[in-house]
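K.L.:
Got a sequence here, can you model it:
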Amino acid sequence: MTQAPPAARARALPLSTAFAFAATSLPISAVAIAISVYLPRHYASHLGIDLALIGAAFFFVRMIDIPIDGLLGWSMDKTRTNWGRYRIWTIVGAPILMAGIFFLFMPPEGVGRTYLIVWLLIMYLGNSILTLSHVAWAATLAPHYDDRSRLFGIMTAIGVIGAAAVLAIPIINEARGASDAGNVATMGWFIFALTPIAVALVVWRTPEKIAPEVAGHQFRMRDYWALIARPSFARILLADLCLSLGPGWMSALYLFFFTDSRGFTTGQASILLAIYILAGFVGAPLMGRLATKISKHRAVIVATTGYSLVLVSLMAIPKGNMLIGAIPMFMAGFLAAGFNVLTRAMTADVADEVRLEQGRERAGLLYALTVMTTKIAGAFSIGLTFFVLSKVGYIAKEGVANTPEAIHNLELAYLIGPVAFVMLGGACMFGYKLGAERHADIRRQLDERDALYDEAPIIEVVSGEPAIAVPPQASR
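P.N.:
Below you'll find the predicted structure:
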């Protein structure tokens, strides 16, 4: 059992600040579910683009997008302005994401692969800026071991609301008798309007501390490998890759599986997916709570083992039976909510360890490397699964009846890969060393060193405007 030291408990982040800060999770999560589940199917079924071409486009864009994250993370860590380090990047990312969303979700007739690639690149750039600035800012906002589990749990739980709102759109449209074709455009308008509201709330209500830096250490290209090769961070990267690839693989095939294999309509499948996502509203904070009791890495092992056992039960769902289908979907969503909560909180612990050794903030860069693994998983989950389906006889075009053999191949693709990857992700946590006691010692040394430096401005919000609070040492 882990126990937060008294200092950590005394300086716990206020819940009001945590909930306001978590607002950025609303558009980020809404984009994630719309892009992974609905957009690829829309371009294949309604716009008539070949499955393999769509998979290739997503894969190509992800491969371009991945190295950009490293540059973004490095740039964020180097930024020092009167508006803060990560706040300014949050402001920049919002309009870029909005532009990509508008053109991707409201495409004109006759678009092709080039159009898809260009606007995917722009959308992913804006999404990367928002995601990286958000998680790196969170690492500085909640500096203590258990407080981080709580904050990342709240961020994930709030993100569930954004994802659930997107999932509600096809459910409502089906109840109204509207066609599936309008779902994606409605999702696009929703995310387009939500993004500036959420970002404005975060910028207005959240303080930001720029940690002091020790002179002397300059980041070099070979330091990338040094970060990746750290035993604790290497385990997190591999686990994050597997825990993104498993659910991402399932997301790419979700509607195909639940409509063609399990006999649900698109609206019913969306209700089940909503149950999966909404379960995270309960699961994320409770998995964070579990981490404070047994440590984060052990909580990952618990979550991945339970998730894999639930997955194998999906084939037992009777066709079209919503009541029975809701049970494993809730259980899977509850456990899956802990994946990102725990690995992101663990990355923040590694960022403290690195700052203690190097004297420089590397949270943005570390999160960039972590997000890279998620994007690699996203590229392969859509690119590989769509390619496989196109080769085993499955046809995605609307109105086409697939053969029993093609549907059987769809079922195999949907279940085997995710179970293997999720279990491997959990296995990465055996032997993990950076637990609560080690991190408490790191924080003690950082707090003692930081107290010696005058330059630690806190960007407070006063009547909606940023103001730099002068540290006590600087006023003497």
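K.L.:
give me every residue that touches the closest residue in space to residue 198 that isn't next to it in sequence.
P.N.:
Distances taken as C-beta to C-beta, 6 or more residues apart in numbering put residue 23 closest to residue 198, at 4.2 Å, once the chain neighbours are dropped. The C-beta positions use only the backbone N, C-alpha and C, and glycine is treated the same way. Residues near residue 23 by C-beta atoms under 8 Å, 6 or more residues apart in numbering: 158, 198-199, 201-202.
K.L.:
Could you say which helix or strand holds residue 338?
P.N.:
Secondary structure from DSSP states H and E places residue 338 in helix 322-358.
K.L.:
helices or strands next to the helix or strand just after that helix in the packing?
P.N.:
Next in sequence after helix 322-358, counting helices and strands by DSSP H and E, comes helix 363-391. Helices and strands touching helix 363-391, by 3 or more C-beta pairs under 8 Å, 6 or more residues apart in numbering; DSSP states H and E, are helix 51-78, helix 113-141, helix 222-229, helix 231-256, helix 322-358, helix 404-427.
K.L.:
Can I get the ones you listed in TSV including distance to residue 380 and mean pLDDT?
P.N.:
TSV is the format used below for the helices and strands packed on helix 363-391 (distance: least, C-beta to C-beta, whole Å; pLDDT from 0 to 100):
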stretch	distance to residue 380	mean pLDDT
helix 51-78	7	81
helix 113-141	15	90
helix 222-229	19	71
helix 231-256	6	88
helix 322-358	17	90
helix 404-427	10	87
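K.L.:
Am I right that residue 30 is in contact with residue 162?
P.N.:
Yes: look at residue 30 against residue 162 with C-beta atoms under 8 Å: they come within range, at 3.9 Å.
K.L.:
Name the residues contacting each of the two.
P.N.:
With C-beta under 8 Å, 6+ apart, residue 30 and residue 162 have common neighbours residue 194.
K.L.:
From residue 152, how far out is residue 285?
P.N.:
Distance of residue 285 to residue 152, computed by C-beta to C-beta, to the nearest Å: 10 Å.
K.L.:
The two: who's more crowded?
P.N.:
More crowded of residue 285 and residue 152, by other C-beta atoms under 10 Å: residue 152, with 33 against 21.
K.L.:
Now that one: which helix or strand?
P.N.:
Assigned by DSSP H and E, residue 152 belongs to helix 145-175.
K.L.:
picking up where we left off before, between the contacts of residue 23, which is nearest residue 313?
P.N.:
Residue 313 has its nearest neighbour among the contacts of residue 23 in residue 158, at 29.0 Å by C-beta to C-beta.
K.L.:
Near that closest one, how many other residues are there?
P.N.:
Residues near residue 158, counting by other C-beta under 10 Å, number 23.
K.L.:
excluding its backbone neighbours, what's nearest it?
P.N.:
What sits nearest to residue 158 in space, not counting adjacent residues and going by C-beta to C-beta, 6+ apart, is residue 22, at 3.8 Å.
K.L.:
what do you get for residue 259?
P.N.:
Spatial nearest neighbour of residue 259, chain neighbours left out: residue 269 (5.9 Å); criterion: C-beta to C-beta, 6+ apart.
K.L.:
my read: residue 20 touches residue 200, true?
P.N.:
No: judged on C-beta under 8 Å, residue 20 makes no contact with residue 200 at a distance of 10.7 Å.
K.L.:
hang on, the earlier thing: could you give the number of residues near the residue nearest to residue 158?
P.N.:
Neighbouring residues of residue 22 were enumerated by other C-beta under 10 Å; the total is 25.
K.L.:
Wait, it touches residue 161, no?
P.N.:
No: using C-beta under 8 Å, residue 22 is not in contact with residue 161; the gap is 9.5 Å.
K.L.:
Please name the residues that touch the residue nearest in space to the middle of the chain.
P.N.:
Closest to where the C-alpha atoms of the chain average out (C-alpha atoms, centre = their mean) is residue 340, at 6.4 Å. Counting by C-beta under 8 Å, 6+ apart, residue 340 makes contact with 152, 156, 243.
K.L.:
Apply 7 Å and report the result again.
P.N.:
Counting by C-beta atoms under 7 Å, 6 or more residues apart in numbering, residue 340 makes contact with residue 156.
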